[in-house]
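J.: Give the three-dimensional model of this entry:
(chains A and B)
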Amino acid sequence: MPTFDTLTVGTELPSRSHTASNVSLFLYNAAIWNPHRIHYDENYTREVEKHPGIVIDGPLQGDWLTQVVTRWLQDDGELLEFEYSNRRASYLGDRLTASGRIVALDAARREASLDLAITDESGHITTPGHALVRLRR
Amino acid sequence: MDTLLTDDIRAWIGRSDAPQTIEVTRRDIIKYALASEQSLPRYLNGDEAPPMFLFGADRPLTALAELGPDGLRQDNLLPPLPLKRVMAGGVKQRYQRAIVPGDVLHITRTVSDIFEKQGGSGPLIFVVYDIEVRDAAGALVMQETQTRIIR
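T.: Now for the predicted structure:
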């Protein structure tokens, strides 16, 4: 349960790993009504769009970055701003780790700036991100 | 440098498509929360939408016959471009308040920029959208800048 006075620049937020499955990707794309075949049709994905496998949605990785923040904040603050950028593709079977770190604090506003990242198993950052949050206390 | 961006393409900057109106239901929030592996009860119970919920919720619903060979619908707010393969680029969002069941949201989308860059494997075109989400009373709920990369 974070409060502003306990925060220090450099502190890591709890990270979490995600390994999407065919089923989880199917349900995610159904939930967002996304019929793009690169997320479920492996033959098409390899032969036509020339990816090595089924592609994990970029926005889903963005969502996982928001969860680093919301899981840490719980009810003790609010997310004011969030951004991410998809830099490298990730594929079904990849184990992706979502992490975050406090990079700046604004005591007057009780705001914390966070750097976020999705990192794959080879250590590449596939999706860097940034968030601004305000603590309640 | 040769440019891929003709005056006809650049004329799309400033254009908007028809505003979308969506009604947020608890069930839609729960579906999204489960599929994206949320862990907070307020999302899993559907009391509040996770921050990225609108990324799908504002997607226009299209008849199956109108989907292209890649499965995607023709986007009315994407100019005809010399490059064809569309990738998600990134998103920047600023939230004014949380989205909850029962919200009726009006969403407008405007092309705010089109530019090109030389990528490692060839030219890339970036199309940037400004998206504004307001509630039934007209109050701002969220502003988003969304970038698509075409290669």
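
J.: remind me which residues of chain B are low pLDDT?
T.: By pLDDT under 70, the low-scoring segments of chain B are B:1.

J.: so where do the strands sit in it?
T.: B:20-23, B:86-95, B:104-119, B:122-134, B:140-150 (DSSP state E).

J.: List just the one of the ones you listed that sits closest to residue A:78.
T.: strand B:86-95 (7.6 Å; C-beta to C-beta). All C-beta spots, glycine's among them, are computed from the backbone N, C-alpha and C.

J.: on that earlier part again, among the strands of chain B, which is nearest residue A:45?
T.: Nearest of the strands of chain B to residue A:45, taken as C-beta to C-beta: strand B:86-95 at 13.3 Å.

J.: Show me which residues of chain B are close to chain A?
T.: Applying C-beta under 8 Å from any C-beta of the partner chain, one finds that chain B approaches chain A through B:28, B:31-32, B:34-40, B:43, B:50-52, B:55-57, B:59, B:61, B:67, B:70-73, B:85, B:87-95, B:98, B:147.

J.: related to what we said a few turns ago, nearest to residue A:105, of the strands of chain B?
T.: Closest approach to residue A:105 among the strands of chain B (C-beta to C-beta): strand B:86-95, 19.5 Å.

J.: Next, the buried residues of the closest one.
T.: Applying a neighbour-count criterion of 16 or more other C-beta atoms under 10 Å in any protein chain shown, the buried positions in strand B:86-95 are B:86, B:88-93, B:95.

J.: Could you do stretch B:97-108 as well?
T.: In stretch B:97-108, counting by 16+ other C-beta under 10 Å, buried: B:98-99, B:101, B:103, B:105, B:107.

J.: Next step: the residues of chain B next to chain A restricted to helices.
T.: B:28, B:31-32, B:34-35, B:43, B:55-57 (DSSP state H).

J.: Return the closest of these with respect to chain A.
T.: Nearest to chain A among those is residue B:56, at 2.3 Å by C-beta to the nearest C-beta.

J.: That closest one is in contact with residue A:35, isn't it?
T.: No. Counting by C-beta atoms under 8 Å, residue B:56 sits too far from residue A:35 to count as a contact (11.6 Å).

J.: Make a PyMOL selection of the buried ones in the residues of chain B next to chain A.
T.: Of the residues of chain B next to chain A, the buried ones can be selected in PyMOL as follows, counting by 16+ other C-beta under 10 Å:
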select buried, chain B and resi 28+31+32+34+35+36+38+40+43+50+51+52+55+56+57+70+71+73+88+89+90+91+92+93+95+98+147
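
J.: The buried residues of strand B:86-95: which two are farthest apart?
T.: Among the buried residues of strand B:86-95, B:86 and B:95 lie farthest apart (C-beta to C-beta), at 26.1 Å.

J.: Now do the contacts for the residue nearest to residue B:115 when sequence neighbours are not counted.
T.: With sequence-adjacent residues excluded and distances taken as C-beta to C-beta, 6 or more residues apart in numbering or on different chains, residue B:115 is closest to residue B:126, at 5.2 Å. Residues counted as contacts of residue B:126 (C-beta atoms under 8 Å, 6 or more residues apart in numbering or on different chains) are B:89, B:113-117, B:147-150.

J.: Now restrict those residues to buried residues only.
T.: Listed as buried from these are B:89, B:114, B:116, B:147-150; burial here means 16+ other C-beta under 10 Å.

J.: Let me know the closest of these to residue A:113.
T.: residue B:147 (21.1 Å).

J.: Helices along chain A, start to end?
T.: In chain A, the segments counted as helices under DSSP H are A:22-31, A:42-47, A:58-73.

J.: Can you spell out which helices and strands pack onto the first one?
T.: Read that as helix A:22-31. If contacts are counted by 3 or more C-beta pairs under 8 Å, 6 or more residues apart in numbering or on different chains; DSSP states H and E, helix A:22-31 sits against helix B:26-35.

J.: do the second one as well
T.: Helices and strands in packing contact with helix A:42-47 are not found; criterion 3+ C-beta pairs under 8 Å, 6+ apart.

J.: mind listing what the closest residue to residue A:2 other than its chain neighbours touches?
T.: Spatial nearest neighbour of residue A:2, excluding adjacent residues (C-beta to C-beta, 6+ apart): residue A:76 at 5.5 Å. By C-beta under 8 Å, 6+ apart, the residues touching residue A:76 are A:1-3, A:135-137.
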